[in-house]
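Colleague: For reference, the sequence and a predicted model appear below.
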Amino acid sequence: MDQLTPTDIDFFSDPLNWRGGPMYEVRLVYPPEYPKVSITEAIFKFGGLVPWLPKPDPLPQLFKSILSIGELPSVGFVHHHHDLSVKSAEYTLAVYQRQFQRTVGEELGVSWASMDLKRLVKLHEALFLLIHTMNRETP
């Protein structure tokens, strides 16, 4: 938690900031035999990520983390596995409404054209770098 400011800690400590929709989701689909433990380990190797564990979560398979985005406010997201079928599974990264608004400056559901594109691009760059690291670190 050394990377978080007191303002970040206050924001992320409020349970209201970790719920409510809609959510901004990135879904990574992969074969069901892909090693889930490797994906989970890889995401936590990413240097710009801080695990958020203020209290035990009622859903132990659901992780909460905070992603640093340079000069923009950090964004919190939840991430977890889903088994979709015998042919595929997925790993989901989901940003709650308040987290998205804090980082991008606009609510989800507003026209993409009216958003600050520089902020939106920075969010995507951070997420894509995280995904690239996950991909590189897994077998």
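Modeller: That came in fine, so what should we check first?
Colleague: where do the strands sit along the chain?
Modeller: Along the chain, the segments classed as strands by DSSP state E run 24-30, 49-51, 63-69, 72-83, 89-95.
Colleague: so how far is Thr103 from Leu93?
Modeller: Leu93 sits at a distance of 14 Å from Thr103 (criterion: C-beta to C-beta, to the nearest Å). All C-beta spots, glycine's among them, are computed from the backbone N, C-alpha and C.
Colleague: mind putting the strands of the chain in JSON lines, mean neighbour count included?
Modeller: Shown next, in JSON lines, are those (neighbours: other C-beta atoms under 10 Å):
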{"stretch": "strand 24-30", "mean neighbour count": "15"}
{"stretch": "strand 49-51", "mean neighbour count": "17"}
{"stretch": "strand 63-69", "mean neighbour count": "20"}
{"stretch": "strand 72-83", "mean neighbour count": "19"}
{"stretch": "strand 89-95", "mean neighbour count": "19"}
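Colleague: Redo these as TSV? Include distance to Lys36 and mean pLDDT.
Modeller: Formatted as TSV, the strands of the chain follow (distance: least, C-beta to C-beta, whole Å; pLDDT from 0 to 100):
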stretch	distance to Lys36	mean pLDDT
strand 24-30	9	88
strand 49-51	17	85
strand 63-69	12	90
strand 72-83	5	86
strand 89-95	8	87
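Colleague: can you put those in a markdown table and add distance to Ser111?
Modeller: Below are the strands of the chain laid out as a markdown table (distance: least, C-beta to C-beta, whole Å):
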| stretch | distance to Ser111 |
| --- | --- |
| strand 24-30 | 15 |
| strand 49-51 | 30 |
| strand 63-69 | 22 |
| strand 72-83 | 20 |
| strand 89-95 | 18 |
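Colleague: residues contacting the closest residue to Pro32 other than its chain neighbours?
Modeller: The shortest distance from Pro32 to any non-neighbouring residue, by C-beta to C-beta, 6 or more residues apart in numbering, is to Ala89 (4.5 Å). Each residue near Ala89 by C-beta atoms under 8 Å, 6 or more residues apart in numbering is listed here: 29-32, 34, 36, 81-83.
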